[in-house]
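Trainee: Pasting a predicted model and its sequence here:
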Amino acid sequence: MKDNFDLVIVGGGILGTSLSYFLSFLNKSKKIAVIEQENNVAQHTSGRNTGKVHAPYLYNPEKKKLFANAAFHGYEMWKEYAKLQNLPFKEDGVIEVALDEKGIKVLEKYLKWGKQNGLEEKDIELIDKKELKKIEPEIKCESALHVHRDGSTDYSILTKSILKDSEKNGINFLFNKKITQIKKNNDKWEIIIDENHKIFADFLINAAGGQAIDIAHSVGVAKNLTDVHFRGEYWKTPKKYHNLTKTSVYSVPEFPDYPFLDPHWIVRVDGSCEIGPNAVPVFSPYGYDTTENIKEFIPKILEMLGSGARKTIFDKQFQELAFSEIQSSMSKSVMVERVKKFLPKINPKEITVKGTAGIRSSVINEKGKFVPDVILLEEDKSFHILNYNSPGATGALPFSAHIINELHKSGLFENNETEVQCGPWKFNEIIEKLEK
């Protein structure tokens, strides 16, 4: 059958496309497809971000070891791949600033975490405000973490290049295909597309990003979890600000238990600068505009009220933070003023152009708490990747290799040979580095 596949990946974001990349080298005899509802890869979160290649200093080495390792090795892998393909990649570093004593304590913790996650003395240093003034005179703060092993790229461009490599090796990308139903049929997955076209698969990988929870629920998986969506908005700065700093500037998050980010000063790989993101609650993983949010408002509210998210939305602190983020969406000056705290030279009146908005989907458990880490669930002939957030793009290549290795070990594929050259890397060497 033309539409009968050994494996189907749902989602053509940076993760789904990276999975297809390694599978295309390791399983040349298998018929594999990626189903994507848009007309190209990386059309949502994967291509609507700051393009930062994150150093693993923000991640607790005990609680997020795999993510931290993936980010650490992902940096070198994207750097190598970008050089090989002549794609944009800039080793420009990042500065994380503390505005008070409480923030300095957080920076000290980040420094410790960074070194535990593999960063060396030359990669990361804690400096006082006098030292910072010598290298970044426009930044105002009490202390700063200068992270040298941090970079900038364009993940949309990288993902599209990975797509081309996958297609050359025989992966089928099915674009403009919206899944309307998934069900089991005679020990196979029957995937109904656009309400009438059927595709069959022996195994299913759910890498659907903002829709991953919905896909999991549709096949009876992760029913105890729900998701909430936050739209991150950006403002572009005029050219006169493009040389205000040499590097991007982040501030210590005031409420680390919530997915609300104080806006950053972003220097993109092309040299342009932006302020963002905030985290405005929306009702759809595609809630970029009012029409989509109105359409999904009632179904999403009902879903949340019937799950652990009910505790979250009635939490007073969450409500206050959410209202603050809504204010930052309605008022440009509210967002810009947050950045002015550490870059006082910015004038809100001169910032008039909106940047690209992206949506991050965060998972809430049955206790009403945000799940801090990625969730990997292997069920009967399916594998689900949920809550795959930052530093997801940075770690997408090694993280994909890890997932495929786990599936190999569980006997998904007949060929368990992993000493295979996958582009510039040997697959088994990627795994060995991740497991150190």
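Mentor: Perfect, thanks for sending it. Numbers count the residues shown, from 1 in each chain.

Trainee: Next up, the contacts around residue 183.
Mentor: Each residue near residue 183 by CB atoms under 8 Å, 6 or more residues apart in numbering is listed here: 189, 190, 192, 219. Just so you know, the C-beta spots here come from the backbone N, C-alpha and C atoms, and that holds for glycine as well.

Trainee: Can you tell me the element it falls in?
Mentor: Secondary structure from DSSP states H and E places residue 183 in strand 179-185.

Trainee: Which parts of that strand count as buried, going by neighbours?
Mentor: 179, 182 (16 or more other CB atoms under 10 Å).

Trainee: Which strands border it, and is each parallel or antiparallel?
Mentor: Its sheet considered, strand 179-185 pairs with strand 188-193 (antiparallel) by DSSP bridges.

Trainee: Show me what secondary structure element comes after the partner strand.
Mentor: Next in sequence after strand 188-193, counting helices and strands by DSSP H and E, comes strand 197-206.

Trainee: average pLDDT across that following strand?
Mentor: The average pLDDT within strand 197-206 is 95.

Trainee: next one: stretch 311-328
Mentor: 89.

Trainee: For the stretch 151-300 of the chain, which segments count as strands?
Mentor: Secondary structure of the stretch 151-300 of the chain (DSSP state E, counting those that start in this stretch): strands located at 151-153, 172-174, 179-185, 188-193, 197-206, 226-232, 235-236, 248-251, 264-267, 273-276, 280-282.

Trainee: Quick one, which of these gets closest to residue 23.
Mentor: Evaluated over the strands of the stretch 151-300 of the chain, closeness to residue 23 peaks at strand 197-206, with 9.1 Å, by CB to CB.

Trainee: contacts for the closest one?
Mentor: 1, 3-11, 16, 19, 33, 35, 174, 177, 182, 185, 188-193, 212, 215-216, 219, 381-386, 403, 412.

Trainee: Buried among those? Make that a PyMOL selection.
Mentor: This is how PyMOL selects the buried members of those, with burial counted by 16+ other CB under 10 Å:
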select buried, resi 3+5+6+7+8+9+10+11+16+19+33+35+174+177+182+188+189+191+193+212+215+216+219+381+382+383+384+385+386+403+412
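
Trainee: In helices, which of the contacts of strand 197-206 appear?
Mentor: Using DSSP state H, 16, 19, 212, 215, 216, 403 are the members of these that sit in helices.

Trainee: Mind putting those into a markdown table with pLDDT and distance to residue 109?
Mentor: Shown next, in a markdown table, are the ones in helices among the contacts of strand 197-206 (pLDDT from 0 to 100; distance: CB to CB, whole Å):
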| residue | pLDDT | distance to residue 109 |
| --- | --- | --- |
| 16 | 98 | 34 |
| 19 | 98 | 33 |
| 212 | 97 | 30 |
| 215 | 97 | 36 |
| 216 | 97 | 33 |
| 403 | 95 | 29 |
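
Trainee: Excluding sequence neighbours, find me the nearest residue to residue 115.
Mentor: Distance criterion CB to CB, 6 or more residues apart in numbering; nearest residue to residue 115, sequence neighbours excluded, is residue 124 at 7.0 Å.

Trainee: In contact with the one you found, which residues?
Mentor: So residue 124 contacts 55, 57, 111, 114, 115, 145, 146, 147, 148, 149 (CB under 8 Å, 6+ apart).

Trainee: After the helix or strand containing the fifth one, heading C-terminal, what element do we hit next?
Mentor: Residue 115 belongs to helix 101-116 when assigned by DSSP H and E. The first helix or strand that comes after helix 101-116 along the chain, using DSSP H and E, is strand 124-128.

Trainee: in the very next helix or strand once past that next one, what's buried?
Mentor: Later in the chain than strand 124-128, the nearest helix or strand by DSSP H and E is helix 129-135. Under the neighbour-count criterion of 16+ other CB under 10 Å, helix 129-135 has residue 132 buried.

Trainee: pLDDT averaged over the helix or strand following helix 129-135, what's the number?
Mentor: Per DSSP H and E, the first helix or strand lying C-terminal to helix 129-135 is strand 143-147. For strand 143-147, mean pLDDT rounds to 97.

Trainee: and what of stretch 377-390?
Mentor: Averaged over stretch 377-390, pLDDT sits at 93.

Trainee: measure that stretch end to end?
Mentor: 19 Å (CA to CA, to the nearest Å).

Trainee: before we move on, what about stretch 229-244?
Mentor: 32 Å.

Trainee: Just the buried residues of it, please?
Mentor: Buried, per 16+ other CB under 10 Å, within stretch 229-244: 229, 230, 231, 232, 233, 234, 235, 236, 237, 241, 244.

Trainee: Residue 78: helix or strand, and which one exactly?
Mentor: Using DSSP H and E, residue 78 falls within helix 65-85.

Trainee: what's that helix packed up against?
Mentor: strand 52-53, strand 89-90, strand 151-153, helix 155-168, helix 396-409, helix 427-434 (3 or more CB pairs under 8 Å, 6 or more residues apart in numbering; DSSP states H and E).

Trainee: Residues touching the last one, excluding its own?
Mentor: With contact meaning CB under 8 Å, 6+ apart, helix 427-434 is reached by 22, 25-26, 66, 69-70, 73, 77, 397-398, 401-402, 405, 418-422.

Trainee: Show me which of the residues you listed are buried.
Mentor: Buried among the contacts of helix 427-434 (16+ other CB under 10 Å): 22, 25-26, 66, 69-70, 73, 77, 397-398, 401-402, 405, 418, 422.

Trainee: Now tell me which of the residues you listed the prediction trusts least.
Mentor: pLDDT is lowest at residue 418 among the buried ones among the contacts of helix 427-434; the value there is 69.

Trainee: how about low-confidence regions in the stretch 251-400 of the chain?
Mentor: 259-261 (pLDDT under 70).

Trainee: if I've got this straight, residue 25 is in a helix?
Mentor: Yes - under DSSP: H, G, I helix; E, B strand; the rest coil, residue 25 sits within a helix.

Trainee: Please renumber the chain so that the first residue is 194 from this point on.
Mentor: New numbering, starting at 194: the last item is residue 218.

Trainee: Next up, the contacts around it.
Mentor: Per CB under 8 Å, 6+ apart, neighbours of residue 218: 362, 613, 614, 615, 616, 620.

Trainee: Report the separation between the fourth one and residue 557.
Mentor: Think residue 615. According to CB to CB, to the nearest Å, residue 615 and residue 557 sit 36 Å apart.

Trainee: With the third one instead?
Mentor: In this structure, residue 614 lies at 41 Å from residue 557, with CB to CB as the measure.

Trainee: just to revisit the earlier point, and the residue nearest to residue 308, bridged to which residues?
Mentor: Applying DSSP bridges, one finds that residue 317 bridges with residue 340.

Trainee: Could you check the pLDDT of it?
Mentor: Per the predicted model, pLDDT is 98 at residue 317.
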